[in-house]
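**Student:** from the sequence below, what's the structure:
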Amino acid sequence: MFIQFALILTILAIIIFIGEVTRKKGFDNLKISRNIDKDRLLPGEEFTLTTTIENNKRLPISFLMLSEKMPAAIEFVSDSNRFKEGADLWHLSKYAISWYERKRRIYKLKCNVRGTYILRDINVTIGDLFGHSAETVAIEDFLEFLVYPKLININNIQFANTNLQGDNYVKRWIHQDPLYIKGIREYNVEDRMKDIHWKSSLKMDKLMVKEYDFTSERELTIIVNGQCGEPYWGSIQPVIIENGITVAASLASIAIKEGVASGMWTNCQLMGIQTKISSEVSPDINALRKIMELSARISYSITIKFSDYLRSKIKEFSPNSTYVIITSYLDEESVGILSKLKRHGILIKVIDVSLKSSVPYISGIEKMDYKGGV
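**Tutor:** So this is what the prediction gives:
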C-alpha cells in the first residue's frame, strides 16, 4: 500500500513538475506570427487573417491562449470568440501544442469603415497542466491594412445650386465639351473640322472655331481641406471630413477613368506605421491607387491651418491644372489667397461639403454645394 501511495505521489509530482516547467519554459523558442492575404481593401470586402504558432522545443505546451487586440470596426465572419474591455475589442484563441509542432488558424474578417488599421498587441498566456497557474507576456506584431473610401457614382452626387447632373458638372472641369464654349477664334491647321463655327465664319469671311472652356490635356488637382472651423485643431467634424474624402476619391476616380491626369493634396494628418507618409499625390494618369491609399490614410487631425497650407503651396500651383478645393470652411485669409491665385490665372473650383452650405462665394470661382450621394 505504501509503495502504491508513493508511486502515485511520484507520478503526481512528475506531472506537476512537467506542468510547471512547461509554464515557465513555455515561452522559450516559441514563435507567433500573423499575416493577412490583402492589405488594400474596399469597404465590406472579406479578407483572411492567419495566425501561426510554432513550438520549437522538446517541451509541449498544455495550455496557450492568445488575446489579440482588434479595432472595433473589424467584423469576424468566421469566428465570434471576442470580448470587450473598455473601448478595446479582444479576440481569444486557445491551443494545446506538442513539441516541435506548428499550428495555424485562419479567420475571415471584413471592415466597412474607411481608414488605416494597425494590428499590434497580442497577450500570450501559458498555463500549467492543471490550470492552477499561468503567466502572460505582451508582445507586438505589427500588421497594417487600408480600407478605401466608398466611391459614389458621380451621376448620383447632388449639387444644390445647379440643374445639371454631377457627371455633367465634373466633365466641364476635365474635358472639352461642345456645350460650354469659351469664345470664338481664328482657325488653324491643328483644329478639328467639327469645331468650326460656321455662322461666325460666314460673317467674318474666314474660318472661325469654337474655343472650349477646358481641354482634355488639363490636369486635375483635388485639395481636401480637413479644417472645419476655428481653432483648426479643435473644430473636428468627422461626418463632414468623411463626406469630403468620399467626394474627393469619387471625383479622382471618374477623372482618371476619363483619361485626365489627377492628383490630391490635403492638410490632414495621415495614419500609418511609417512615420513619413506624403500628404500629396502628383497628377498622373495612373495615380488612382495612390489617391485611394492617401484617402484611406486621412485622419480627423489637422496638421496646419488651411490658409497657412495654401500660403506654403502658392509656388506649386500650375496654370495647367484645375484645382478643386473640397472644404466645409474657408476663413478670410484663405479667401484672399484663393482670390489672388484666381487673378494670376489659376483655375479653381470649390465644392462646399458643409452641412449648411456656409463656405463663402469667391468672385470668379465656381462653387457647388454638396448635398450627399443618392
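**Student:** quick one: contacts of stretch 95-113?
**Tutor:** Applying C-beta atoms under 8 Å, 6 or more residues apart in numbering, the set of residues contacting stretch 95-113 from outside is 41, 43-66, 71, 73-79, 91, 93, 117, 147. For the C-beta atoms, the positions are set from N, CA and C on the backbone; glycine is no exception.
**Student:** go on, stretch 49-62?
**Tutor:** Here stretch 49-62 has contacts from 18-19, 21-22, 25-26, 28-37, 64, 66, 68, 93, 95-107, 109, 119, 126-129, using C-beta under 8 Å, 6+ apart.
**Student:** ok, of those, which come out buried?
**Tutor:** Neighbour-count burial (16 or more other C-beta atoms under 10 Å) is assigned, among these, to 19, 22, 26, 30, 34, 36, 64, 66, 68, 93, 95, 97, 107, 109, 119, 126-129.
**Student:** from these, which land in strands?
**Tutor:** Secondary structure assignment (DSSP state E) places 30, 34, 36, 64, 66, 68, 93, 95, 97, 107, 109, 119, 126-127 from those within strands.
**Student:** any idea which of those residues is closest to Ser279?
**Tutor:** Nearest to Ser279 among these, counting by C-beta to C-beta, is Leu119 at 24.0 Å.
**Student:** who touches the nearest residue to the closest one once chain neighbours are set aside in this structure?
**Tutor:** Leaving aside its chain neighbours, Leu119 sits nearest to Leu143 (4.1 Å; criterion: C-beta to C-beta, 6 or more residues apart in numbering). By C-beta under 8 Å, 6+ apart, the contact set of Leu143 is 34-36, 118-120.
**Student:** again, only this time at 7 Å
**Tutor:** Listed by C-beta atoms under 7 Å, 6 or more residues apart in numbering, the contact set of Leu143 reads 34, 36, 119.
**Student:** pretty sure the first one sits against Ile139.
**Tutor:** Yep, that's Arg34 we're talking about. No. With contact defined as C-beta atoms under 7 Å, Arg34 does not count as touching Ile139 (10.8 Å).
**Student:** can you count the residues close to the residue nearest to Ser328 when sequence neighbours are not counted?
**Tutor:** With sequence-adjacent residues excluded and distances taken as C-beta to C-beta, 6+ apart, Ser328 is closest to Ser354, at 3.8 Å. Ser354 is surrounded by 19 other residues when neighbours are defined as other C-beta atoms under 10 Å.
**Student:** can I assume Ser354 sits in a helix?
**Tutor:** No. According to DSSP: H, G, I helix; E, B strand; the rest coil, the state of Ser354 is coil, so it is not within a helix.
**Student:** phi, psi for it please.
**Tutor:** Per-residue torsions, Ser354: phi -70, psi 160 (degrees, to the nearest 10).
**Student:** and what of Ala73?
**Tutor:** In this entry, Ala73 is assigned phi and psi values of phi -80, psi -10 (degrees, to the nearest 10).
**Student:** alright, I will stop here.
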